[in-house]
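Asker: just need the structure, nothing else, for what follows:
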Amino acid sequence: MTFPARVDKDGEKSLVQRAVAVEKDLRFVGLPVIRGGESWAGATTGASTFVVYYDTSADSSGGVFATWEPSAELKELFIDSPQLALQRAIPLGSAALEAMTVALVEVLTAAGWETDRMNVGCHEASVRILGRLTTTT
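Answerer: Below is the predicted model:
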């Protein structure tokens, strides 16, 4: 298995700065958010919250991302009771993920961030934060 090349130290610093700025905007409006850090570290939370993280890959899969992390209870249901997961967790969890993702895009856009949900590669359940929207005067 080969991994993509990583951005240099300046590129990573830029990703970290963008991720921190996104976190601040989400906290400013009262949303629960944690710092996910670098995606290659594989950190997870177990709590229902927004997670802002970055991927240092130098290819198109790299960048800053935000996603909704479902509750530990929802995740455990998939393991403990596959039948109940089919009946309740999948429909309810899917609806919650979609609603929270749409809300996340709307909040980030209102805060002046350019986002992309269409081409997020290996981060398919996440929103890519491309940078600040440019304003024309």
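Asker: from here on, contacts and neighbour counts on C-alpha atoms
Answerer: OK.
Asker: okay, helices next: where are they in this protein?
Answerer: Ranges of helices in the chain, per DSSP state H, are 9-28, 72-80, 82-84, 90-110.
Asker: nearest to T2, out of those?
Answerer: Between T2 and the helices of the chain, the tightest spacing by C-alpha to C-alpha is seen for helix 9-28, at 20.1 Å.
Asker: using PDB, list the CA coordinates for that closest one.
Answerer: Extracted in PDB, the C-alpha atoms of helix 9-28 (Å, rounded to 0.1, in the frame of the first residue of the first chain):
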ATOM      1  CA  LYS A   9       5.900  22.000   6.800                       C
ATOM      2  CA  ASP A  10       4.600  25.400   5.500                       C
ATOM      3  CA  GLY A  11       1.700  23.600   3.800                       C
ATOM      4  CA  GLU A  12       0.800  21.800   7.000                       C
ATOM      5  CA  LYS A  13       1.000  25.000   9.000                       C
ATOM      6  CA  SER A  14      -1.400  26.600   6.500                       C
ATOM      7  CA  LEU A  15      -3.800  23.600   6.900                       C
ATOM      8  CA  VAL A  16      -3.600  23.900  10.700                       C
ATOM      9  CA  GLN A  17      -4.300  27.600  10.700                       C
ATOM     10  CA  ARG A  18      -7.400  27.100   8.400                       C
ATOM     11  CA  ALA A  19      -8.700  24.300  10.600                       C
ATOM     12  CA  VAL A  20      -8.300  26.400  13.800                       C
ATOM     13  CA  ALA A  21     -10.100  29.300  12.100                       C
ATOM     14  CA  VAL A  22     -13.000  27.100  11.100                       C
ATOM     15  CA  GLU A  23     -13.200  25.700  14.600                       C
ATOM     16  CA  LYS A  24     -13.400  29.200  16.000                       C
ATOM     17  CA  ASP A  25     -16.300  30.100  13.700                       C
ATOM     18  CA  LEU A  26     -18.200  27.000  14.600                       C
ATOM     19  CA  ARG A  27     -17.700  27.600  18.300                       C
ATOM     20  CA  PHE A  28     -18.700  31.300  17.900                       C
END
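Asker: quick one: contacts of that helix?
Answerer: For helix 9-28, contacts defined as C-alpha atoms under 8 Å, 6 or more residues apart in numbering pick out 32-35, 37, 52-54, 56, 63-65, 107-108, 111, 131.
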